[in-house]
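> for reference, the sequence and a predicted model appear below.
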Amino acid sequence: MDKRKTLKVLITAFCLIVLSLFFSSVSDSAEYVIPKKFTTPPPPFTPGIFPCSQCHQGMPADKKPRKLEQMHQEITLRHMPDGWCFDCHNADNRDKLRLANGKLISFGESYYLCGQCHGTVLRDWKAGLHGKRTGQWNGEKEYRLCVHCHWPHEPAFKPLTPMPPPVKPSDIK
Amino acid sequence: MKKIIENIDGINIDRRTLLKGAALGLAGTALPLDKADASFWDAFFQKHFREMTEKDLKKVLERLEKEYEEKHKKAVKVGAEKALPDVLFGYGLDLSRCIGCRRCVYACVEENNQSLDPQVQWISVLRFKKGDKWMDLENSEKYYNPQQVPEPGYFYMPVQCQQCENPPCVKACPTRATWKEPDGIVVIDYNWCIGCRYCMAACPYGARRFNWGEPKRPPEKINPNTHYLGNRPRYRGVVEKCTFCIQRTRNGRYPACVEICPVGARKFGNLLDPESEIRYAIEHKRVFRLKEDLNTNPKFYYFFAYGK
């Protein structure tokens, strides 16, 4: 191999190493912080259900997994096998959600709850990639909460009816 | 003769008809020498958009607003916001989320005043069988119509103008009626377009649409917030296409298709801003562009956020 060729190879290798260092540092520092200027629409509660304390205040919490019969019969859990209400809800103050570390959060911040188990999705969501933001691309944004698209008890995205297909050229009179 | 009579209400068509006539060697086809309306001559001598002074532009916008109000029986504001400094627009579409519901197609039509009859739509949603050889745009299905989407075993790919950095359509235009703006949006001046459709033949993405008939939209359905280079009412015989909703995005707003998408598959932002979601997509996901080998260098990125 002549000298010039070796030099070329060396330079290319060096550039590649520098580049890969650069890119790995980019992805390492990717823990995105939620921008200060951001809002969400209110949580999509069934009208009248919130505050939960209107019924649960003074009602003893029953932590036993069971089929609910007097209330919330419409809720079936199809999420995290073996999960139960109090993996997410807070027994003593039903108006709050509860993280695994015991911290209580409001329903408006339910994304922290989801993020405990779906960390990469939460990261993408904060960066505006998973889920949806509306408003200003260069300013104030409104984020949709996870629960606007995923009903927490059965989170699979619900199918939709498509809008009509375009008219075929052959349909045009 | 018939042509001239038909064109009397469409002042701008006169100019184009004349150019076309001239091109065919029929000098004087559409010169209505008896036409008293001064605005005809204003339209005829209108400068190229990029050569207009602020004063010229103001006059043109006022003339168009008047013309539209008469023709469509509705007050329409025609703006001409300039590209913002240090902005290059980019678009992202997450194919692992898109469910093919076509909400974007219709939100686009409403926002951008496309003709309802004959139907003009800027977005086509293509359906592919998973595992099939795809990106074969010509052999995809766009007339699918099941009860519900997504259908198991299929995925969907919406296609619209890819806003190439190196747009073949611009090179094909004989009248400089289409060009790339500093923020990267490829625009069309409907008053300069002569309808030769060379740009359509040149576009590898089939993203341009031609108004074969007089565009029809009832007044109550006309979006009155328009841009000269975007969603202002069009004429018969001109070409149109997606402009990243120039009338919205130059005012800081997201495009209509981004805001309507129920699954959040559509991403938009400034490629020069490292904090934008489009940059995040490019840096963290495997992105690709359509027909990359053609060197058109689109600013429309497709990606799979997960799986597949």
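The structure has been received and is ready for your questions.

> over to the spatially most central residue of chain A: give its phi and psi.
Nearest to the mean C-alpha position of chain A, by CA atoms, centre = their mean, lies A:C146 at 4.2 Å. Reported as degrees, to the nearest 10, the phi and psi values for A:C146 are phi -50, psi -40.

> just the strands from the chain, written as ranges.
Since no chain was named, I'll use chain A. Secondary structure of chain A (DSSP state E): strands at A:38-39, A:97-98, A:104-105, A:133-135, A:141-143.

> looking at chain B here, not the other one
Counting by DSSP E, the strands of chain B are B:77-79, B:89-94, B:124-129, B:154-159, B:178-180, B:186-188, B:209-210, B:225-227, B:239-240, B:266-270, B:286-288, B:300-304.

> the ones you listed into a markdown table, with extra columns for mean neighbour count and mean pLDDT?
No exception for glycine: its C-beta is placed from N, CA and C like everyone else's. Rendered in a markdown table, the data for the strands of chain B read as follows (neighbours: other CB atoms under 10 Å in any protein chain shown; pLDDT from 0 to 100):
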| stretch | mean neighbour count | mean pLDDT |
| --- | --- | --- |
| strand B:77-79 | 17 | 97 |
| strand B:89-94 | 25 | 98 |
| strand B:124-129 | 20 | 94 |
| strand B:154-159 | 21 | 95 |
| strand B:178-180 | 19 | 97 |
| strand B:186-188 | 23 | 98 |
| strand B:209-210 | 20 | 96 |
| strand B:225-227 | 21 | 98 |
| strand B:239-240 | 24 | 98 |
| strand B:266-270 | 25 | 97 |
| strand B:286-288 | 13 | 93 |
| strand B:300-304 | 20 | 96 |
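
> I figured B:S96 was touching B:Y306, is that so?
Yes: using CB atoms under 8 Å, B:S96 is in contact with B:Y306, at 5.4 Å.

> so what's the closest residue to A:K96 other than its chain neighbours bridging to?
The shortest distance from A:K96 to any non-neighbouring residue, by CB to CB, 6 or more residues apart in numbering or on different chains, is to A:L104 (4.2 Å). Taking DSSP bridges as the rule, A:L104 bridges to A:R98.

> what is the burial count for A:L104?
Number of residues near A:L104 (other CB atoms under 10 Å in any protein chain shown) recorded here: 12.

> and the residue nearest to the centre of chain A, what is it in contact with?
Counting by CB atoms under 8 Å, 6 or more residues apart in numbering or on different chains, A:C146 makes contact with A:S110, A:Y111, A:C114, A:W125, A:G131, A:P152.

> pLDDT score for residue 44?
Just so you know, I chose chain A. Looking at A:P44, its pLDDT is 92.

> think we crossed wires, I meant chain B
Reported pLDDT at B:F44 in the predicted model: 69.

> same check, this time on the one 10 residues further on
Among the per-residue scores, B:E54 holds a pLDDT of 94.

> picking up where we left off before, any idea how far the residue nearest to A:K96 lies from B:V159?
Note on A:L104: its distance to B:V159, by CB to CB, to the nearest Å, is 47 Å.

> with A:K103 instead?
Taken as CB to CB, the span from A:K103 to B:V159 is 46 Å.

> likewise for A:F50?
Using CB to CB, we find A:F50 at a distance of 43 Å from B:V159.

> same check on B:K285?
Note on B:K285: its distance to B:V159, by CB to CB, is 19 Å.

> please apply the same query to A:P41.
Remark: distance between A:P41 and B:V159 (CB to CB) = 31 Å.

> the stretch 151-300 of chain B against chain A: which residues are in contact?
B:249, B:252-254, B:258-259, B:261-264, B:267-270, B:273, B:276-277, B:280-281, B:283-285 (CB under 8 Å from any CB of the partner chain).

> ok, what's across the strand from B:H227?
With DSSP bridges as the criterion, B:H227 is bridged to B:G79.

> my read: it touches B:K82, true?
No: in this structure, B:H227 is not within contact of B:K82 by CB under 8 Å, at 10.6 Å.

> pLDDT below threshold where in chain B?
Counting by pLDDT under 70, chain B contains low-confidence residues at B:1-41, B:44, B:133-135, B:307-308.

> middle-most residue in it, spatially?
Centre-nearest of chain B using CA atoms, centre = their mean is B:K241, 2.2 Å out.

> wait, what's in contact with that one?
B:W122, B:Q160, B:C161, B:V186, B:I188, B:A207, B:R208, B:R209.

> quick check: chain neighbours aside, which residue is closest to A:E109?
Using CB to CB, 6+ apart and skipping residues adjacent in sequence, the residue nearest A:E109 is A:L97, 7.8 Å away.

> from B:Q160, how far off is that neighbour?
Distance of A:L97 to B:Q160, given as CB to CB: 40 Å.

> these two: which has the busier surroundings?
Counted by other CB under 10 Å, A:L97 and B:Q160 do not tie: B:Q160 has more neighbours, with 24 against 20.

> my guess is the more buried one contacts B:L126, does it?
No: here B:Q160 does not reach B:L126: they are 11.2 Å apart, not a contact under CB under 8 Å.

> which of the contacts of A:C146 fall within helices?
If you go by DSSP state H, the contacts of A:C146 have A:S110, A:Y111, A:C114, A:W125 in helices.

> which of the residues you listed has the most neighbours?
Scoring the ones in helices among the contacts of A:C146 on neighbours with other CB under 10 Å, the highest-scoring entry is A:W125 at 24 neighbours.
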